[in-house]
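Q: This is the structure alone, sequence omitted:
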């Protein structure tokens with residue numbers, strides 16, 4: 001989660017998934033419901049948890065995608081508030097034009113010693129990395145668009161959100177860390193995996209073969 005963000009939203013439509021898990025737990029004597037909530041809490045605390053089984057992995061996937069969307073909204077709001085604060089500060093400086101010399105620029109105030117200067121350089125490097133990541137995300141999204149008509153927007157969007165997740169150092173997207181990559185085959189496998197989960201969780205068929213995407 002983002003720095004200083006101490007809460008997250010849990011949506012009411014999760015109730016249907018939890019009900020199915022509870023039903024299976026009661027029948028099989030398992031505890032997948034509790035495991036799912038524990039997995040969610042570990043994830044939002046940046047512990048990078050590994051799912052304990054197939055059911056937890058598949059039940060958590062749509063929750064994870066929603067958490068990522070919420071985090072993006074949070075960052076956008078935070079940035080908007082920062083820009084508003086800067087704008088108000090800029091107007092205050094302009095109003096007090098008689099004493100303009102008493103104000104230092106933001107750059108002058110921040111870079112006051114050698115260490116701060118190094119931090120300024122690091123920020124420039126970080127911005128370059130962000131630009132590269134954003135470019136990769138756009139290119140990746142374009143590679144998925146041709147499949148929207150075949151698989152639908154929701155599936156393609158979830159596929160994009162999952163495989164465009166950056167690593168901890170923010171230098172690579174998830175799909176770039178795979179040894180091999182073919183969008184067409186990965187999407188087909190993604191759809192089969194989604195169907196397999198629905199079959200397993202609804203108890204409408206035999207346990208499917210599981211293949212890692």
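A: Received the coordinates, thanks. Just so you know, these numbers come straight off a predicted model, no measurement behind them.
Q: which residue sits closest to residue 52, ignoring its sequence neighbours?
A: Setting aside the residues directly before and after it, residue 52 is nearest to residue 35 in space (CB to CB, 6 or more residues apart in numbering), at 5.3 Å. Every C-beta, even on glycine, is put in place using the N, C-alpha and C of the backbone.
Q: what's the residue most central in space within the chain in contact with, if anything?
A: The centre of the chain sits closest to residue 68, judged by CA atoms, centre = their mean, with a distance of 3.3 Å. Residues in contact with residue 68 (CB atoms under 8 Å, 6 or more residues apart in numbering) are 161, 165.
Q: what distance separates the helix or strand where it lies from the centre of its chain?
A: Counting by DSSP states H and E, the element that carries residue 68 is helix 54-95. Distance, stretch centre to chain centre, for helix 54-95: 11 Å (CA atoms, centre = their mean, to the nearest Å).
Q: Could you report the pLDDT at residue 18?
A: We have a pLDDT of 88 for residue 18.
Q: average pLDDT across stretch 52-68?
A: Stretch 52-68 comes out at a mean pLDDT of 88.
Q: got it, and stretch 82-100?
A: The pLDDT scores in stretch 82-100 average 64.
Q: Stretch 141-158 now?
A: Stretch 141-158 shows a mean pLDDT of 90 in the predicted model.
Q: Also stretch 188-205?
A: Across stretch 188-205, the average pLDDT comes to 72.
Q: how is the protein carved up into domains?
A: Following automatic domain parsing, the chain resolves into domains at 13-90, 133-205.
Q: related to what we said a few turns ago, give the other helices and strands that the helix or strand hosting the residue nearest to residue 52 contacts.
A: Secondary structure assignment for residue 35, by DSSP H and E: helix 32-44. If contacts are counted by 3 or more CB pairs under 8 Å, 6 or more residues apart in numbering; DSSP states H and E, helix 32-44 sits against helix 15-28, helix 54-95.
Q: Can you check which of the ones you listed gets nearest to residue 47?
A: When the helices and strands packed on helix 32-44 are compared by CB to CB, helix 54-95 sits nearest residue 47, at 13.4 Å.
Q: ok, back up a step: can you check which of the domains of the chain gets nearest to residue 7?
A: Of these, nearest to residue 7 by CB to CB is domain 13-90, at 8.7 Å.
Q: now that closest one, how far from the centre of its chain.
A: That offset, for domain 13-90, works out to 10 Å (CA atoms, centre = their mean).
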